[in-house]
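Undergrad: Sequence unavailable; structure follows:
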Ligand SMILES: [Zn+2]
């Protein structure tokens, strides 16, 4: 039995993608999405923001550059 991994389930298409930035260990910034996705922790805030924005665009979600 093989499951088709490329097929998008209804639950995934309905999932909200709200990406925001968060500070990690003082000097790092990471983008985090409400779907559970996380970017790598970056020293550069703009780099983390760029990755977060890419994720929001990819999944038609929302991006907030505010660091929480
Ligand atoms: Zn997401």
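TA: That came through, no problem. Everything numeric here is computed off the predicted structure, so don't read it as measured data.

Undergrad: okay, CA-based contacts and neighbour counts for the rest of this
TA: Fine.

Undergrad: Which residues of this structure lie near the ion?
TA: Neighbours of the ion within the chain, by C-alpha under 5 Å from the ion: 17, 33, 35.

Undergrad: Just the buried ones from those residues?
TA: Neighbour counting over the residues of the chain next to the ion (16 or more other C-alpha atoms under 10 Å) leaves 17, 33 as the buried ones.

Undergrad: Out of the residues of the chain next to the ion, flag the one nearest to residue 67.
TA: residue 33 (12.7 Å; C-alpha to C-alpha).

Undergrad: Isn't the closest one up against residue 20?
TA: Yes. Under the contact definition of C-alpha atoms under 8 Å, residue 33 touches residue 20, with a separation of 6.4 Å.

Undergrad: Overlap in contacts, the two.
TA: Contact criterion C-alpha atoms under 8 Å, 6 or more residues apart in numbering; residues bridging residue 33 and residue 20 by contacting each: residue 52.

Undergrad: Tell me which of the residues of the chain next to the ion fall in helices.
TA: Secondary structure assignment by DSSP state H places none of those in helices.

Undergrad: Output the residues of the chain next to the ion as a markdown table; include the columns distance to residue 53 and pLDDT.
TA: Shown next, in a markdown table, are the residues of the chain next to the ion (distance: C-alpha to C-alpha, whole Å; pLDDT from 0 to 100):
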| residue | distance to residue 53 | pLDDT |
| --- | --- | --- |
| 17 | 11 | 97 |
| 33 | 10 | 97 |
| 35 | 14 | 96 |
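
Undergrad: so what's residue 28 bridging to?
TA: residue 24 (DSSP bridges).

Undergrad: Would you agree residue 45 is in contact with residue 29?
TA: Yes. Under the criterion of C-alpha under 8 Å, residue 45 makes contact with residue 29 at 5.6 Å.

Undergrad: Those two: who's more crowded?
TA: Counted by other C-alpha atoms under 10 Å, residue 45 and residue 29 do not tie: residue 29 has more neighbours, with 24 against 19.

Undergrad: show me the contacts for residue 44.
TA: 28, 29.

Undergrad: I'd guessed residue 38 sits against residue 29; true?
TA: No. Counting by C-alpha under 8 Å, residue 38 sits too far from residue 29 to count as a contact (10.8 Å).
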